[in-house]
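Engineer: fold the stuff below for me.
(chains A and B)
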Amino acid sequence: MSKQFDSKKEAALTLKKFYSALGNNTGNTGTPETIDYKSKYNLLLKRFRELEKVFDFHRGLIQNISSGLVTINMQAEITFMNRAALRTFGYEYLGTQGMPVSSLFADRNEAASIVDTVLKQQKMVESKEVHFITKSGEVFPVGFTTSLLKEPEGNQVAGVLFVFKDISDTTNLRHQIERMDRLATLGELSAGIAHEIRNPLAGIKSSAQVLEESFSPGDFRAQLASRIVKEIDRSNELLKRFFNFARPSKPLQDWHNVEMILDGVYLLMAPRFKKKNISFKKDFAESLPQVYVDESQIEQVILNLFLNAVDAMPDGGSISVKTALQNIHDASTDTLKEQKIVVTIADTGRGIPPEKKEKIFNPFYTSKNDGVGLGLSISSRLLEENGGSITVESELGKGAIFSIFLPVTKEIL
Amino acid sequence: MAKRLLIVDDEETITFSLYQSFIHSPKDYEVVTAASGEEALERSRENPFDLVITDIMMPGMDGFDLMAALKKEAPQTDVIIMTAYGSNMHKDRALSEGARTYIEKPFEMHEFKKMVIDILG
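Structural biologist: Now for the predicted structure:
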């Protein structure tokens, strides 16, 4: 479309030069013929300016829209990408011309099938979710819709328009909600099971203790009864942890400095970091607002993340802690919706395989030989109770970055 | 006259072991057991108790309902609530509704006995 307009503009400019030249040659006293040419020229110029306005308006719409627009020709080659699309993918405009559209898709087989649907079968796609890949290889989820592009004259199909939106935030939010639902269900289930197990344990324990009392202390039968009691106590400790997960005590929220919470936990962990040859770096943002949380619950979460980081680095490494203020804007009105403090805890450990990233928040999921698998699920639950959340980014062999988001306003929970 | 103690739980092993423990103790308590809230109330109507130790979760009348009924019918009876739920929510409720004390299952028998002796003497 822009090429066609450019050529018209060029023609108009040539015409302008021609008539200017004509005007100069004849001086100010034009013949009726030249006056007629001039009025036609003025009319043409007026139309041209009107057209230019329309062009600017459409160009503004296309370039400033927050959705990504990509057009392709019938050979599935990219013919145009708007500013949002170029920014998302990290390409320069000229580099994209003639590039196969399949190179935007993370899964080439899926791309081939979509191209076949939209170009060969000319069936349009509505709100389909796929993964795109940026120039630097970063994969991100999008939702897209397609429309047919027709020749300006005639009804011939010239190509296809893809309109897409990065849905990383929506996808993350959906994953978080799904995780919370899963945790809540498993939590309730754990509480029910724990209750049912503790009742018979109580019966076994009191029976064993009555039996123990009936023998003299040195009697081997008293010792056996005592062992039964010890084993029951061990099982009961585990059940108590299930309870903490299922029904964490209601947070006692108040205003706290997140740096003080982090420093407090660091002091607790410092000897262990030193022993395990782990360096600790902190980068706290200045003048952060206070967070409205239960201090001891957030300490528990941070302690847990530090302990996990230590376990992920058996040969030493480093832990970096950063704090930042995150402003969340309302997309429609562009006004500040809410603020959160983000604490990121990054380690240089073994990392988490992609397929396990979501599972690590499930209760009883563990990669440790001596772990129960409740640490991260309890942390996630505690943050939820405090109006916060937790996310993880990781690549195998490149460490893990846990981000916790804490409220800076009182939320009605 | 021997102090009267009623142990209420639908878990028979618990009532049986507690019964054995108290009848073999040097304290001369009269120990009765019941497997439900309804049965406990019936025993209390026949002859009120000095102390009732009751579980919360039981089919039919639960421990809280039993305590409320006892408060009306036999206000002199003390109540101890026991439960396998590890939650402060139940503890707070038990104490606010008039229980003398609250104990989580599984418990230490010597602590349990001490609690009873503290009340019954």
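
Engineer: against A:Lys205, how distant is A:Glu231?
Structural biologist: Using Cβ to Cβ, to the nearest Å, we find A:Glu231 at a distance of 10 Å from A:Lys205. C-beta: built from backbone N, CA, C; applies to glycine.

Engineer: tell me which element whichever residue of chain B sits closest to chain A falls in.
Structural biologist: Nearest to chain A, among the residues of chain B, is B:Thr13, at 2.9 Å (Cβ to the nearest Cβ). If you go by DSSP states H and E, B:Thr13 is part of helix B:12-23.

Engineer: mind listing what's buried in that helix?
Structural biologist: Within helix B:12-23, the residues that count as buried by 16 or more other Cβ atoms under 10 Å in any protein chain shown are B:Thr13, B:Ile14, B:Thr15, B:Phe16, B:Ser17, B:Leu18, B:Tyr19, B:Gln20, B:Ser21, B:Phe22.

Engineer: send the alpha carbons of that helix over as PDB?
Structural biologist: This file holds the C-alpha atoms of helix B:12-23, laid out as PDB (Å, rounded to 0.1, in the frame of the first residue of the first chain):
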ATOM      1  CA  GLU B  12     -12.400 -46.900  70.000                       C
ATOM      2  CA  THR B  13      -8.700 -47.400  70.400                       C
ATOM      3  CA  ILE B  14      -8.400 -44.000  72.000                       C
ATOM      4  CA  THR B  15     -11.300 -44.400  74.500                       C
ATOM      5  CA  PHE B  16     -10.000 -47.900  75.300                       C
ATOM      6  CA  SER B  17      -6.400 -46.900  75.900                       C
ATOM      7  CA  LEU B  18      -7.400 -43.900  78.000                       C
ATOM      8  CA  TYR B  19      -9.800 -46.000  80.000                       C
ATOM      9  CA  GLN B  20      -7.000 -48.500  80.700                       C
ATOM     10  CA  SER B  21      -4.700 -45.800  81.600                       C
ATOM     11  CA  PHE B  22      -7.000 -44.200  84.100                       C
ATOM     12  CA  ILE B  23      -8.300 -47.300  85.700                       C
END
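
Engineer: so what's the residue count around A:Ser287?
Structural biologist: Neighbourhood size, A:Ser287 [other Cβ atoms under 10 Å in any protein chain shown]: 5.

Engineer: next one: phi and psi at it?
Structural biologist: phi 40, psi 50 (degrees, to the nearest 10).

Engineer: tell me the pLDDT of it.
Structural biologist: With respect to pLDDT, A:Ser287 scores 87.

Engineer: next one: A:Leu374
Structural biologist: Predicted confidence (pLDDT) for A:Leu374: 76.

Engineer: tell me the secondary structure at the residue most central in space within chain B.
Structural biologist: For chain B, B:Ile53 is the residue whose C-alpha lies nearest the centre (Cα atoms, centre = their mean; 0.5 Å). Three-state call for B:Ile53 (DSSP: H, G, I helix; E, B strand; the rest coil): strand.

Engineer: so in terms of bridging, what pairs with it?
Structural biologist: Per DSSP bridges, the residues bridged to B:Ile53 are B:Ile7, B:Ile80.

Engineer: now do the contacts for it.
Structural biologist: Neighbouring residues of B:Ile53 by Cβ atoms under 8 Å, 6 or more residues apart in numbering or on different chains: B:Leu5, B:Leu6, B:Ile7, B:Val8, B:Leu18, B:Val79, B:Ile80, B:Met82, B:Val116.

Engineer: likewise for A:Lys356?
Structural biologist: Residues in contact with A:Lys356 (Cβ under 8 Å, 6+ apart) are A:Ser367.

Engineer: any idea how far it is from A:Val392?
Structural biologist: For A:Lys356 relative to A:Val392 (Cβ to Cβ), the value is 10 Å.

Engineer: swap in A:Val101?
Structural biologist: For A:Val101, the distance to A:Val392 - Cβ to Cβ - is 32 Å.

Engineer: more neighbours: which of these two?
Structural biologist: Remark: of A:Val101 and A:Val392, A:Val101 carries more neighbours, 24 against 15, as counted by other Cβ under 10 Å.

Engineer: I'd say B:Leu5 and B:Thr33 touch.
Structural biologist: No. At 9.5 Å, B:Leu5 does not count as touching B:Thr33 under the criterion of Cβ atoms under 8 Å.

Engineer: between these two, who's got more neighbours?
Structural biologist: B:Leu5 (24 against 19).

Engineer: pLDDT value on the more buried one, please?
Structural biologist: 95.

Engineer: now do the one 5 residues further on
Structural biologist: In this model, B:Asp10 is scored at 93, pLDDT.

Engineer: cool, and the one 4 residues further on?
Structural biologist: With respect to pLDDT, B:Ile14 has a value of 93.

Engineer: so A:Arg272 makes contact with A:Val310?
Structural biologist: Yes. Counting by Cβ under 8 Å, A:Val310 is a contact partner of A:Arg272 at 6.1 Å.
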